[in-house]
Every structure is written in structure tokens, then in C-alpha cells.
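Asks: Model the following, please.
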Amino acid sequence: MQRTAAEGRGPVRYGPPAPQPGLPVLTELLAVLAAAAGRAAPEPPGGGEAVREAACRYWGRRGLATAPEYVAAGPGAPGLLLALLGAYGGDVMLPRPCPAWWTPQVRLLGRRAYHVPTPAECGGIPDPYALLETVRRVRAEGGDPRVLLLSVADDPTATVPPPEMLHEACEAAESAGLFVVSDESWRDTVHRPHETLVLSPAEMLPDRAAVLVDLSGALLPAGWPAAVVRFPDTPRGTWLRARTLDVLTATGAMVAGPVAGAAAHALDEPDAVAGRAYAAAALHGVVAAEAHRRLLAAGALARPPQAGRHLYADLTPLRPGLARQGVGDAMELEDWLGGRLGAPTPGGQRFADELGALRVRLSTGPLLGATPEERLAALTARDPLALPHVRDSLELLGSVLAGLA
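Replies: Down below sits the predicted model:
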């Protein structure tokens, strides 16, 4: 997120990255990558057989039977989404707020992005009535909405849509004739998987939904870019996959060979990989819950975090105290709060939220410690909140907010 004064705030390259776990790379994955490091042959566009078959097994364990000919792999979710949207065509409907990288993808293609408010209970999906009204208005004004992009485990709000709300959003999308792209990169970071039901639009709209998973969400380090997408098992799905592969080929967006081997291994979820993902999600859940408690105690607002490594805070109730600090909008809040906490706190304007609303995304990764050793200690601790470096980070958050009262 660094920038110079001359370059200003606008360029996409200064947008916030997805929150990272901050944990050392799993030894088992390092061994798999090292074993394939001598591989010189590139992966074919859309991924080789091994990674696509592993993706089928991954989705099969989640109730989505999948065949390899309806799967494509790419070097990270942004490149894969860009190819898919470029292949499908039309304008795109998105929830507000939404991940910081979604809107630039749409605009880079020369398409229009229309943001729809989310329900009060959760983020990641549009309010169904607002969606239908927005689509009607856009089409009346000459727009061409064809795709709804949503998430079942959301960045930035860290929430999981209740099944009934997701179903209503999917029904609205079907009624409006929209194709659904479901970003499910964060579904394996749910803090309490035995208490939180995560469903996919592909279960509700099997002929009209694609599923996108970035493996850096839970299974691979962010520096090893790999993602997979599942297309509908229909003639239209076959056509869309072929067009997507054309775009991947034209842009050279292929998964690196050694990374593809690590991705296939991670998608099979051996005990070490699944155990790390589960433990990391639980750790971030504990820290996010405590950060959420401190936010509420200071008078701020936030939905209870359910997934991911972050939470989305609304500091509007603290506006008078922030005004005394010269903070009047989300952009100024981003700079002021990030400087006090010593960690990036991207403002809501980066997630297509209103600039005047004092909202920020707070990541839990920096609260786990300053070094890999401290963060690993938090992962293995019986009570991570009792560790001095974790406790100090949370105390700093609490004291900065308390100073605004």
C-alpha cells in the first residue's frame, strides 16, 4: 500500500492485498515444491491433469461433483477471474462493499461495475430486492448486466451469508438472468466450521454458476499463485471454459509447473495441510473475536467475524473523536489509524464503500506477532491471547480506540 505523494492514491497497485496468515510455509509443501523445482515444462493453459483432478476431489468433498473437463487453473484468482469475465461478456453486478480487487478487474475489461447494498446481517451477497431493482434500472438506462459476482465467505466483512439469504440472492440472480460467479477462496478459513454452514451457489444454480477458489485463501502461501475455477456441466459451461482458456492462452496466464505440483498436493488436503488450515482459521478466529469485543467496547460497530483473517469496523459512532484528530473520511481514517497501529488498515473506499463512512478493514495477522517465530508460537499456544506479544497488540488497538471517546 506504499505510495509517493507525487503518485497519489489512485493507482490500482497501491490497493490492499488480501490479509495473510503470517505463518511460516508448511514443511510438507516446501518439500513438494522443491521436488518439482527442476521441472522445465510449463503447465498447459487451464492447468494440467493433476491439478484439475485434485480440484475435482476437493470439490467432491464439499458436495460438488466435478469432472476435470469443467475445471481450469490459473496463476491466482485475479488472472483467472479476468479471463472468465472477459470470456463471458457484459457488465457485472457486485455487492457493496466487495474485495478491493474485484472492481478493477471489471473496469480493466472496459465493462461497467454496478454495486448493490448488502443485507444488514452479512456481506458478500447483494440484497435480493436491491439487486432486482438495480438490474431493472441499469437495463432501462441501456446497461448490459450479465454477471453477478459474490462471495460465500467474504472479504472484507469476514461474514458468511446464512443459507436462506444466499438462496434468495441466487433466486434473484436467476430471475434477472444473471450468471453467478462465486468467489469461495475464504470458505476454508471459517473460524468455527462445525457451527457455520457454508453453501455454494453452484448447489442452488448448477447450470448458472461458476466457482472460483484462490488457494492462497487457506491452502498455499500467497507467493505461490494458483487458483481453480469450476464451470457448469452444461454446453454453456463447455463454451465458457473454452473461451476462458483462449484468454488465459492469449495473456500467458499459466500456473508455474512447480507451483502446480504444490497446488495439486494442497487440493488433496493431506493431514498436514488440512491441519494447518484448520489451526490457522481457529487462531485467527480467536484473535478476531477479541478484537471485535474491544471494538464494541470502544463504541465502534462491526459484524461478528466468522471467516478470514480480518474484520470490518465502522467507526462512525466515534466521528467526533476522529474529527478532533483531523479525520473526516475513510481515506483519512486509513492513514491515521494505520499510523497509530503500525499496520495497514485499508479504508472502506478501497472496497467500493462510501468515502464518507468511517469504515476500515483490520487484519488479524499483525496482531499475532512481529516475527515468524512469534506467529508460530501463537499458532501452537493453548491460549494465544495470553501471549505477551498478542496481548500487547490487542491492548494497543483498544487504547487507540479508547482515546477517541
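Asks: Can you list phi and psi of the closest residue to Gly342 other than its chain neighbours for me?
Replies: With sequence-adjacent residues excluded and distances taken as CB to CB, 6 or more residues apart in numbering, Gly342 is closest to Pro366, at 7.6 Å. The way it works is simple: take the backbone N, C-alpha and C, and place the C-beta from them, glycine included. Recorded main-chain torsions at Pro366 are phi -60, psi -20, according to degrees, to the nearest 10.
Asks: Count the neighbours of Pro366 for me.
Replies: 20 (other CB atoms under 10 Å).
Asks: residues in contact with it?
Replies: 22, 341-343, 393 (CB atoms under 8 Å, 6 or more residues apart in numbering).
Asks: And Val92, by the same measure?
Replies: Here Val92 is in contact with 85, 106, 111-114, 145-149 (criterion: CB under 8 Å, 6+ apart).
Asks: same thing with Arg230?
Replies: 55, 59, 64, 66, 70-71, 202, 210-211.
Asks: got JSON lines for the residues you listed, with pLDDT too?
Replies: Putting the contacts of Arg230 into JSON lines (pLDDT from 0 to 100) gives the following:
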{"residue": "Ala55", "pLDDT": "98"}
{"residue": "Trp59", "pLDDT": "98"}
{"residue": "Leu64", "pLDDT": "97"}
{"residue": "Thr66", "pLDDT": "98"}
{"residue": "Tyr70", "pLDDT": "98"}
{"residue": "Val71", "pLDDT": "98"}
{"residue": "Ala202", "pLDDT": "98"}
{"residue": "Ala210", "pLDDT": "98"}
{"residue": "Val211", "pLDDT": "98"}
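Asks: Pro78: which of these is nearest?
Replies: Ala210 (15.2 Å; CB to CB).
Asks: okay, which residue is most central for this protein?
Replies: Asp155 (4.4 Å; CA atoms, centre = their mean).
Asks: Just the helices from the stretch 251-400 of the chain, written as ranges.
Replies: For the stretch 251-400 of the chain, applying DSSP state H, counting those that start in this stretch gives helices covering 257-267, 271-297, 319-324, 330-341, 372-380, 388-402.
Asks: so can I have a markdown table of the ones you listed showing mean neighbour count and distance to Val180?
Replies: Converted to a markdown table, the helices of the stretch 251-400 of the chain look like this (neighbours: other CB atoms under 10 Å; distance: least, CB to CB, whole Å):
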| stretch | mean neighbour count | distance to Val180 |
| --- | --- | --- |
| helix 257-267 | 24 | 22 |
| helix 271-297 | 18 | 25 |
| helix 319-324 | 14 | 37 |
| helix 330-341 | 19 | 29 |
| helix 372-380 | 16 | 35 |
| helix 388-402 | 16 | 36 |
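Asks: Can you add mean pLDDT and distance to Gly124 and give these back as a markdown table?
Replies: Shown next, in a markdown table, are the helices of the stretch 251-400 of the chain (pLDDT from 0 to 100; distance: least, CB to CB, whole Å):
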| stretch | mean pLDDT | distance to Gly124 |
| --- | --- | --- |
| helix 257-267 | 97 | 23 |
| helix 271-297 | 97 | 16 |
| helix 319-324 | 97 | 26 |
| helix 330-341 | 96 | 20 |
| helix 372-380 | 95 | 27 |
| helix 388-402 | 97 | 25 |
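Asks: Dump these into a markdown table; add distance to Val138 as well.
Replies: Output for those, formatted as a markdown table (distance: least, CB to CB, whole Å):
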| stretch | distance to Val138 |
| --- | --- |
| helix 257-267 | 37 |
| helix 271-297 | 35 |
| helix 319-324 | 33 |
| helix 330-341 | 26 |
| helix 372-380 | 45 |
| helix 388-402 | 39 |
